Each structure stands twice: as structure tokens, then as C-alpha cells.
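>>> return atomic coordinates for the entry below.
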Amino acid sequence: VQLVESGGGLVQAGGSLRLSCAASGFTSDDEYTIGWFRRAPGKEREGVACISSTDGSTKYADSVKGRFTISSDTAKSTVFLQMNSLKPEDTAVYYCAADMTNSLALYGNWYDFRGQGIQVTVSS
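Predicted structure coming up:
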């Protein structure tokens, strides 16, 4: 399984960005959860949002509820994270990861594969 993130960058507070996670290597029988995580300097990793491949169920961290939306395309080959009303505290390296047990959980240790990560910087 390979995961490649794109769409990061620099944005002003209050702005928006959309991150993409291009996934490959899954079989038609696989059931999995794709999650977005972030790590800011000096802080612990935080699970942001995740989506199940089977029924599209989603889960969000309280810190992003109402601002971020996770979705997948119809072919389920790309997962998106739409980030609106961005705040300086959203600044972090964001990466996507795949959990092959399809737990729909935001615990990073449960995920089996992850991408390289991409920087998101929100200026005040």
C-alpha cells in the first residue's frame, strides 16, 4: 500500500486548503480506514479525521469538527481533507495513513501504512 499526500502550503488564518491522499495497492476485498493525522512542533501526534472504505463513515477530532471535512472519491482511490476556517494552531505536518482493520479510530498506533507527510502553515 502506498499513500501520497498533496495540497499543503501556506495560507492565512481564516482561509482554506484541501489535502489529497492518493492511495494505491489495495485489493477489491480490502476493508480499511484512511485517517489524517498531524504533528506540530513540540506537540504529540493528533488524529484529525478518518473515513471507512466500506460505508463512508467518518470520525473527527473535537478540535476540527465543523471546520474540516473528510471525503473520498467514487473510485476510493483518493481521500480528501477539506480544511476551512484555518487557525494558526492548525499548522503542522499532515499525513494520511491506512488502517487495515477498518477500526474507524483516530489512534495512530493502529494504522499500518502512512504517507510521507506534507506541511500546512497557517499565518496569523
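
>>> what sits against the residue most central in space within the chain?
In the chain, the C-alpha closest to the average C-alpha coordinate belongs to Trp36, at a distance of 2.0 Å (Cα atoms, centre = their mean). Counting by Cβ atoms under 8 Å, 6 or more residues apart in numbering, Trp36 touches 19, 21, 47-50, 70, 79, 81, 94-97. To be clear about C-beta, it is placed using only N, CA and C from the backbone, and glycine gets the same treatment.

>>> next one: Leu106
Leu106 sits next to 35, 37, 47-50, 59, 61 when contact means Cβ under 8 Å, 6+ apart.

>>> need the pLDDT of it.
As predicted, Leu106 sits at a pLDDT of 93.

>>> next one: phi and psi at it?
According to degrees, to the nearest 10, the main-chain angles of Leu106 amount to phi -110, psi 30.

>>> same check on Asn109?
Here is the backbone geometry of Asn109 (degrees, to the nearest 10): phi -70, psi -10.
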